[in-house]
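S.K.: fold the following and give me the result.
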Amino acid sequence: MNPIRSLRRCAVIACLGLLSGMLHAAEPFRLAWTLYPGYMPWDYARSAGIVDKWARKYGIEIETVQVNDYIEAINQYTAGGFDACMMATLDAMTIPAAGGVDSTVVAVTDYSNGNDVIILKEGDSLEDLRGKQVNLIEYSISHYFLARALESVGLSERDLTLVNTSDADMVALYAQPSVEAMVTWNPMASDILERDDATNVFDSRRMPGELTDSLVVRSETLAKHPELGKALTGAWFETLAIMGRDDAEGRAAREAMGIASGTDLEGYERQLADTHLYDEPASVAALMSDRALQDSMASIARFSFDKGLLGSGARSAEEIGIAYPGGRIWGNAGNLKLRFDDSYVRQAAAGQL
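M.R.: Now for the predicted structure:
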């Protein structure tokens, strides 16, 4: 090849690479999160500069965005408006994965240990739900939670009427005379339960380890930019380490999260008591390979299929393929849309991020 032409070609390639980097720098990666005790660390990680620190380490920019409506955040992620999103692991299957978006769980972050609550106006037991209207986000983790609770007392959804309700409206709506019962989570649940006409008849303490949340990233983005997974994982566990300390910095972090969620330090610490945060990356790695998680996801898949949440063309609960660490695949290997990748938490555990 002509040496001058070769040099020109290299110069063009270098310029294109530089231009691509400049364009990417102008468009930061975006993470969506909503109000929930286990998601509030992102607000502190942003305000304290932890997200920016980890993004700079890997030469990227990350924007964390609070979305007021939980399902809307996941819908925007599914539509391509966000590269990553905090969501219940169940919803990762029934919304983006069922919608054809290949997603990767880079970390299971927590499970609800009392945060999710079934609240009743008149009555003091699950059996008293019979014949009543129940406000909740239909076909979400709350719907699954309600169905499992009803099973425990021999009831089913046929015994009541479900009313689809946005989480952004729940606190104000509960005061309406037409509302008889509600399935919600903290911080909304705490606000509602302060009322004299609100009784907790069932909460997620009775389902330990089942209602998990995850940090979910679009698989295509993660494959092209593994640095995003590293930065998010690093920022997450650094923030958990700070907020878990019983010193001035730890208390200040928790107080900031409480204020951001509409309460104070004491109120947020009560909510944290109902949240099992997986604050050790090694334990997250073990969980993501645990057969118990896989069994739980299979149960969720069966629930989702029964509710028609896996798509109109789904022929079985195994319509969507789920990939687990170690190469294990559950469901349709030709339709892998949800992946549990423990490589990032393993790097965090080994101090390699």
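S.K.: roughly how far does the residue positioned nearest the centre of the chain sit from residue 160?
M.R.: For the chain, residue 87 is the residue whose C-alpha lies nearest the centre (CA atoms, centre = their mean; 1.9 Å). With distances defined as CB to CB, to the nearest Å, the gap from residue 87 to residue 160 amounts to 26 Å. C-beta coordinates here come from the backbone N, C-alpha and C atoms, glycine included.
S.K.: and residue 251, by the same measure?
M.R.: Following CB to CB, the distance that separates residue 251 from residue 160 is 42 Å.
S.K.: which helix or strand lies directly C-terminal to whichever helix or strand the residue nearest to the centre of the chain is part of?
M.R.: Taking DSSP states H and E as the criterion, the element that holds residue 87 is strand 84-88. Per DSSP H and E, the first helix or strand lying C-terminal to strand 84-88 is helix 89-92.
S.K.: and that following helix, what other elements does it pack with?
M.R.: Where contact means 3 or more CB pairs under 8 Å, 6 or more residues apart in numbering; DSSP states H and E, helix 89-92 is packed against strand 103-112, helix 141-151, strand 212-218, helix 291-306.
S.K.: repeat that with 7 Å
M.R.: With contacts defined as 3 or more CB pairs under 7 Å, 6 or more residues apart in numbering; DSSP states H and E, helix 89-92 has these neighbours: strand 103-112, helix 141-151, strand 212-218.
S.K.: and the following helix or strand past the second one, average pLDDT?
M.R.: The helix or strand immediately downstream of helix 141-151 is strand 161-164, counting by DSSP H and E. Mean per-residue pLDDT for strand 161-164: 96.
S.K.: could you do stretch 193-212 as well?
M.R.: 94.
S.K.: kindly export it (C-alpha atoms) in PDB.
M.R.: Output in PDB follows, covering the C-alpha atoms of stretch 193-212 (Å, rounded to 0.1, in the frame of the first residue of the first chain):
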ATOM      1  CA  LEU A 193     -49.900   3.600  58.100                       C
ATOM      2  CA  GLU A 194     -49.700   6.800  60.100                       C
ATOM      3  CA  ARG A 195     -53.500   7.100  59.500                       C
ATOM      4  CA  ASP A 196     -56.000   5.800  62.000                       C
ATOM      5  CA  ASP A 197     -57.900   3.900  59.300                       C
ATOM      6  CA  ALA A 198     -54.800   2.000  58.000                       C
ATOM      7  CA  THR A 199     -53.900  -1.500  59.200                       C
ATOM      8  CA  ASN A 200     -51.000  -3.600  58.100                       C
ATOM      9  CA  VAL A 201     -52.500  -7.100  57.400                       C
ATOM     10  CA  PHE A 202     -49.500  -8.600  55.600                       C
ATOM     11  CA  ASP A 203     -46.000  -7.500  54.800                       C
ATOM     12  CA  SER A 204     -42.900  -8.900  53.100                       C
ATOM     13  CA  ARG A 205     -41.300 -10.100  56.400                       C
ATOM     14  CA  ARG A 206     -43.300 -13.200  55.700                       C
ATOM     15  CA  MET A 207     -41.600 -13.700  52.400                       C
ATOM     16  CA  PRO A 208     -37.900 -13.300  53.200                       C
ATOM     17  CA  GLY A 209     -35.500 -13.200  50.300                       C
ATOM     18  CA  GLU A 210     -38.300 -13.400  47.700                       C
ATOM     19  CA  LEU A 211     -39.000  -9.800  46.600                       C
ATOM     20  CA  THR A 212     -35.600  -8.900  45.400                       C
END
